[in-house]
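> missing the sequence, but the structure's below:
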């Protein structure tokens, strides 16, 4: 008994630090969809995607050079490519395209499925065997999201809803793969190397897709581009992957359940978008389903 306390103290401190870092990451990510919604009003969605990745990639390269980080092992390259496809290209592009058809408040409801998607890919990658109750909650949560989309008039914006569902899937894969890789490569190094691997292609596409003139693009659009480039694409992941590595994927990953609430609050406050009781109700119900799925994931 005498040896338990000193051995557990560092573990408790590490877990607490993980929760704090994860919470900061979720707060940062919560502003991504509202900022993207503002940016796509002035920028082409594809240009916005490659531009934000290019800006973040240059900064990530500077960080890696500054701290003289060693290159990832050859066996880690495939996982880094998966992370890049999921969170550097896939999620930003698909959400930017979706936000041409739906409001950020509408799209944020879909984020209630993100912890579930991360858990499912964590099961597939980690070989875990969840209890049957886990799948009950996962299916129920999915049905709630589909039902909400249909009730809002699916024929009015089918593209937006489908794009958001695809975005959640690729992001869940990127989160799970990045969290697994962060155990050996390091938290902030994972997103930095993923950005650097994508940088040559992203820089080329940025130059190719850049508008002939930036005249008429207002300050809100530029600030939104800066936010999604610096915070959503890089700084948020520094805290997020560090939190996952310190506190554990299953535990800290539950903090994603707070993201829809923060996002809805930002959409209502900053963009003056209407957040209906139906949206709030579905968001709460989906979050409860995901929380139940998480509880029975092992």
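Received the coordinates, thanks. Because the structure is a prediction, the values reported are computed rather than measured.
> next up, the contacts around the nearest residue to residue 30 once chain neighbours are set aside.
Using Cβ to Cβ, 6 or more residues apart in numbering and skipping residues adjacent in sequence, the residue nearest residue 30 is residue 262, 3.5 Å away. The C-beta positions use only the backbone N, C-alpha and C, and glycine is treated the same way. Going by Cβ atoms under 8 Å, 6 or more residues apart in numbering, residue 262 touches 26, 27, 30.
> let me have those in a markdown table, extended by pLDDT, neighbour count and secondary structure.
Below are the contacts of residue 262 laid out as a markdown table (pLDDT from 0 to 100; neighbours: other Cβ atoms under 10 Å; DSSP: H, G, I helix; E, B strand; the rest coil):
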| residue | pLDDT | neighbour count | secondary structure |
| --- | --- | --- | --- |
| 26 | 90 | 22 | helix |
| 27 | 92 | 16 | helix |
| 30 | 88 | 25 | helix |
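> quickly find the element holding the residue nearest to residue 30.
Residue 262 is part of helix 259-270, with elements assigned from DSSP states H and E.
> what does the model give the residue nearest to residue 30 for pLDDT?
Residue 262 is assigned 81 on the pLDDT scale.
> and it, how close does it get to residue 238?
Using Cβ to Cβ, to the nearest Å, residue 262 is found at 18 Å from residue 238.
> now do residue 124
For residue 124, the distance to residue 238 - Cβ to Cβ - is 26 Å.
> more neighbours, those two?
Ranked by neighbour count (other Cβ atoms under 10 Å), residue 124 and residue 238 place residue 238 first, with 22 against 11.
> surely that one touches residue 195?
No - judged on Cβ atoms under 8 Å, residue 238 makes no contact with residue 195 at a distance of 11.3 Å.
> could you tell me which ranges of the stretch 151-298 of the chain sit under the pLDDT cut-off?
152-156, 250-251, 294, 297-298 (pLDDT under 70).
> now the helices for it?
In the stretch 151-298 of the chain, the segments counted as helices under DSSP state H, counting those that start in this stretch are 158-185, 187-209, 219-227, 236-247, 249-252, 259-270, 277-295.
> and the ones you listed as TSV, adding distance to residue 55?
Shown next, in TSV, are the helices of the stretch 151-298 of the chain (distance: least, Cβ to Cβ, whole Å):
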stretch	distance to residue 55
helix 158-185	19
helix 187-209	9
helix 219-227	8
helix 236-247	14
helix 249-252	27
helix 259-270	22
helix 277-295	31
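> mind checking those helices for the one nearest to residue 66?
The closest approach between residue 66 and any of the helices of the stretch 151-298 of the chain, judged by Cβ to Cβ, belongs to helix 187-209 at 10.7 Å.
> helix/strand/coil for the spatially closest residue to residue 231 that is not a sequence neighbour?
Distances taken as Cβ to Cβ, 6+ apart put residue 28 closest to residue 231, at 4.9 Å, once the chain neighbours are dropped. State at residue 28, reduced to three classes by DSSP: H, G, I helix; E, B strand; the rest coil: helix.
> in this structure, which residue is closest to the centre?
In the chain, the centroid-proximal residue (Cα atoms, centre = their mean) is residue 171; its distance is 5.8 Å.
> give the contact list for that residue.
Applying Cβ under 8 Å, 6+ apart, the residues contacting residue 171 are 86, 87, 90, 91, 114, 117, 118.
> ok, residue 174 next?
82, 83, 84, 85, 86, 87, 88, 90, 91.
> same thing with residue 118?
Residue 118 sits next to 171, 172, 175, 176, 179, 249, 253, 256 when contact means Cβ under 8 Å, 6+ apart.
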